[in-house]
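S.K.: Quick check, what structure comes out for this input:
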Amino acid sequence: MKKKHFKYDSEYSIGMYLNKYQFLQQTELELFAKTQKVFTEDTPCHLYFILKRPRLSLDKDYFVQDQDFFEFKYYIHVQDEKHERLFRIGKPSDSKNFMLMCEYPYDTFKITDNGKINANFKLAAILDIIHSKNSKSEPLLDYKVLYVGQAFGTDGKRTAIDRLGSHSTLQKIYSEAMQRNPDSEIWLMLAHFEEQRFGAMNGKIIMPTENQEENIQRFADFMNPSGSKFSEDQKINFTEAALIQTFLPRYNKEFKGTFPSPNHSSYQECYELGVNGIVVELDTTNVARWLYSDHLPRRPEGQIGIQYWQYGEFHFTTDKDRFKMFNNEYFE
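M.R.: Residues are numbered from 1 along each chain as shown. I've put the predicted structure just below:
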């Protein structure tokens, strides 16, 4: 490998990875806000995704009982097609007089035991649990990203839960979905991203002698969060912008095709601190569902990478005398 000349022999970037998330629908927001234990003051949900996937319905006339399980039939609606599927859940052993109760629009159901309600189920929720537990892939139920947004407010006191209670873009998406895609459902994903810092160093790089002291100080500052800490609102801003540029969702306008840019004051700290680049990562393995868009499709099976893992990487630095970490320029 040839020695290369750069301003520094080390560079540093930030990673924002999906740490906590919750899928739900708008009608569930109020109850979730009162009862949720997913997000805390230390791990708030300032970011959110508006998503779309096919509508589900249960066949109310199909209910098979075995000694150990109940079997159900459901449909995944894709335009004018209905894709038929079966699933099973465990059956209690202390009763024999079970019945299925399911009413329009057939997306929730109850099981009664001698006329008394034994259990309530939301079809989408129980399928997500079953598919995740059994590592079952169902591409038709992956989530298409339509919009990425944030809520921060004064001193970070506003969360995505507050924002989505009255959200004009969300209402517009609902309205258009009902008209153009009546076979689809709109979903939300509330999210908390955690920060990571990482660097790259290469002794093969030739660095000007006069930059050595500055290079060492850069390392010390960047790897010490208290010495180069991003403000929380800027952290939310550049994470949102990177996610928008990663997925290029249909309903987003700001940041599409313009991230990163030193002209955006909303994440100016990245340039002031000399950050090389940013990586955003989303791993939704726990629910066995992809997040995808027209711009960022699902990865084919067998391709290198964790299943249900999506990422985007971008460089802040534009200086020609600094190597770009994600291009592996320092390895060439």
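
S.K.: tell me the centre residue of this protein?
M.R.: The centroid of the chain falls nearest to residue 282 when counting by Cα atoms, centre = their mean (5.3 Å).

S.K.: Identify the residues contacting the strand or helix carrying it?
M.R.: Taking DSSP states H and E as the definition, residue 282 sits inside strand 277-283. When contacts are defined by Cβ atoms under 8 Å, 6 or more residues apart in numbering, strand 277-283 is touched by residues 13-18, 193, 238-239, 242-243, 246, 260, 270, 291, 306, 308-317, 324-326. Any C-beta I mention is one placed from the backbone N, CA and C, and that applies to glycine too.

S.K.: again, only this time at 7 Å
M.R.: Outside of strand 277-283, the residues within contact range by Cβ atoms under 7 Å, 6 or more residues apart in numbering are 13-18, 238-239, 242-243, 246, 291, 306, 308-316, 324-326.

S.K.: Regarding the chain, what is its longest helix?
M.R.: helix 232-247 (DSSP state H).

S.K.: chain center to the strand holding residue 282: distance?
M.R.: 11 Å (Cα atoms, centre = their mean, to the nearest Å).

S.K.: What average pLDDT does that strand get?
M.R.: Mean per-residue pLDDT for strand 277-283: 96.

S.K.: List the neighbouring strands of the helix or strand just after it plus their orientation.
M.R.: Note on strand 277-283: by DSSP H and E, the next helix or strand toward the C-terminus is strand 291-292. Counting by DSSP bridges, the strands paired with strand 291-292 are strand 143-150 (parallel).

S.K.: between the strand it pairs with and helix 232-247, how big is the angle?
M.R.: 150 degrees (axes from the mean of the first three to the mean of the last three Cα atoms, to 10 degrees).

S.K.: quick revisit: by how many degrees do the strand holding residue 282 and strand 143-150 diverge?
M.R.: Going by the same axes, to 10 degrees, strand 277-283 makes 130 degrees with strand 143-150.

S.K.: Can you list the strands that strand 277-283 pairs with?
M.R.: strand 10-24 (parallel), strand 309-315 (antiparallel).

S.K.: Return the most buried member of the ones you listed.
M.R.: Most buried of these, by mean neighbour count (mean count of other Cβ atoms under 10 Å): strand 10-24, with a mean of 20.

S.K.: Before I go, just wanted to say thanks for your time.
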